[in-house]
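Student: Structure of the sequence below:
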Amino acid sequence: MKYVFNPGKGKSSILLIYTGGTIGMKIDPAEQTLKPFVFSQILEEVPELGKFACRIDSCTFDRIIDSADVEPATWKSLTELIEEKYDMYDGFVILHGTDTMAYSASALSFMTEGLTKPVIFTGSQLPVGAARTDGKENLVSAVEIAAAKDGAGHALVPEVCIYFGNSLMRGNRTTKVSSESFRAFRSGNFPPLAEAGINIRYDRNMIIRPADWNARPLFHKRLDTRVSILKIHPGITPQVVKNIVCGPETRAVIIETYGSGNAPSREWFIDLVREGIRMGKLIVNVTQCLAGTVDMNLYATGKKLKDAGVLDGYDCTTEGALAKLFHLLGQSEDNGFVAREFDKNLRGEITK
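Tutor: Purely as a prediction, here's the structure:
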């Protein structure tokens, strides 16, 4: 992956990374279609950024990526870029399409361990040049948050986050819930880290801080993507379950269950789950609900899954569970290690 850098001038320390997405589009007056604008001209599009007492450098992927085309290779490129530029900037703002933003933010939260600086994802539902755009507010506030420091000079939010619709949310806790609303993302199981109104109010008790502010983060770039997702639904057939749970190319399976972790009580279903586990598959239980947690001790159907060896996903989002498995599977071929680490709260992704 190549990048085009446009260094700014001044005393600053924010790197603005444009990967693609609606926020970086303008309407071509001749063709009346959306096209990406040149990000070196960002101050022309959002002059409000010029009011910050910091330098804002811009970096654009040489190939703009539609959100639907984001892949783990994109996350690796972002992680490598942040690692390369980490000592040069006080914070990073990543402009990204909304459809897969929660997946990308979740992934980078696991790929960057021990952050001392903010990595803030944002985007918009309307192009930044549109009359009613949400892009300007999202971008301006994301930059302000990325630059914010406490009295000791430490970053206020040294985490991977999503800023959208006046809320700053932990990246691995978010899910896109609307294709139209300006409040397109929700963090159903964890409160916002900050809310923007006239002022930006931070909930400092909820923010993760590094054990050592002087330590350099660890950047993990090895991912194993042999993970499938099975969404339970009425009328699901044994063949569908078998294809996913026992698929030869799958190392782990996320089962999106009902409510607090319930699935069909039919014997064929439990038998297929047991068969997958006998084959060496890791099977994780997360809820389909936007809020709430898995509790496999609550009902008999959940208890059967637990007894079969299914791992508890607690209150993790599907996006968070997927990214966590990609990361852990990439660290080791030992499924025992992966299962033990998955049960831990590594980056604030679960409540235990």
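Student: So the protein: which segments form each domain?
Tutor: Listed domain ranges for the chain are 3-219, 227-342 (source: automatic domain parsing).
Student: And the ones you listed, which one averages the lowest pLDDT?
Tutor: Ranked by mean pLDDT, the domains of the chain bottom out at domain 3-219, which scores a mean of 89.
Student: and the domains of the chain as TSV, adding distance to residue 348?
Tutor: C-betas here are computed from N, CA, C, even on glycine. Shown next, in TSV, are those (distance: least, Cβ to Cβ, whole Å):
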stretch	distance to residue 348
domain 3-219	5
domain 227-342	10
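Student: Including mean neighbour count and distance to residue 351, could these go into JSON lines?
Tutor: Listed next are the domains of the chain as JSON lines, based on neighbours: other Cβ atoms under 10 Å; distance: least, Cβ to Cβ, whole Å:
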{"stretch": "domain 3-219", "mean neighbour count": "19", "distance to residue 351": "7"}
{"stretch": "domain 227-342", "mean neighbour count": "18", "distance to residue 351": "5"}
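Student: and of these, who's closest to residue 350?
Tutor: Relative to residue 350, the nearest member of the domains of the chain by Cβ to Cβ is domain 227-342, separated by 4.2 Å.
Student: So which elements touch the strand or helix carrying residue 78?
Tutor: Assessed by DSSP states H and E, residue 78 sits inside helix 72-85. The helices and strands touching helix 72-85, judged by 3 or more Cβ pairs under 8 Å, 6 or more residues apart in numbering; DSSP states H and E, are strand 14-18, strand 91-95, helix 101-111, strand 218-219.
Student: Distance of the closest residue to residue 124 other than its chain neighbours relative to residue 18?
Tutor: By the measure of Cβ to Cβ, 6 or more residues apart in numbering, the closest residue to residue 124 outside its immediate chain neighbours is residue 135, 3.3 Å from it. Using Cβ to Cβ, to the nearest Å, we find residue 135 at a distance of 12 Å from residue 18.
Student: Equivalent analysis for residue 196, please.
Tutor: Distance of residue 196 to residue 18, computed by Cβ to Cβ: 22 Å.
Student: and what of residue 156?
Tutor: Distance from residue 156 to residue 18, by Cβ to Cβ: 24 Å.
Student: One more: residue 75?
Tutor: Residue 75 is 16 Å from residue 18, where distance means Cβ to Cβ.
Student: Surely residue 120 is in a helix?
Tutor: No. Residue 120: not assigned to a helix; according to DSSP: H, G, I helix; E, B strand; the rest coil it is strand.
Student: Which helix or which strand is home to residue 115?
Tutor: Per DSSP H and E, there is no helix or strand for residue 115.
Student: Chain neighbours aside, what residue packs nearest to it?
Tutor: residue 158 (4.8 Å).
Student: Please apply the same query to residue 309.
Tutor: In space, residue 309 is closest to residue 277, 4.5 Å off (Cβ to Cβ, 6+ apart).
Student: the helices in the protein, which residues?
Tutor: Using DSSP state H, the helices of the chain run over 42-45, 72-85, 101-111, 135-147, 238-245, 267-278, 300-308, 318-331, 335-342.
Student: Including distance to residue 253, could these go into a markdown table?
Tutor: What follows is the helices of the chain, written out as a markdown table (distance: least, Cβ to Cβ, whole Å):
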| stretch | distance to residue 253 |
| --- | --- |
| helix 42-45 | 42 |
| helix 72-85 | 18 |
| helix 101-111 | 17 |
| helix 135-147 | 35 |
| helix 238-245 | 5 |
| helix 267-278 | 7 |
| helix 300-308 | 12 |
| helix 318-331 | 9 |
| helix 335-342 | 12 |
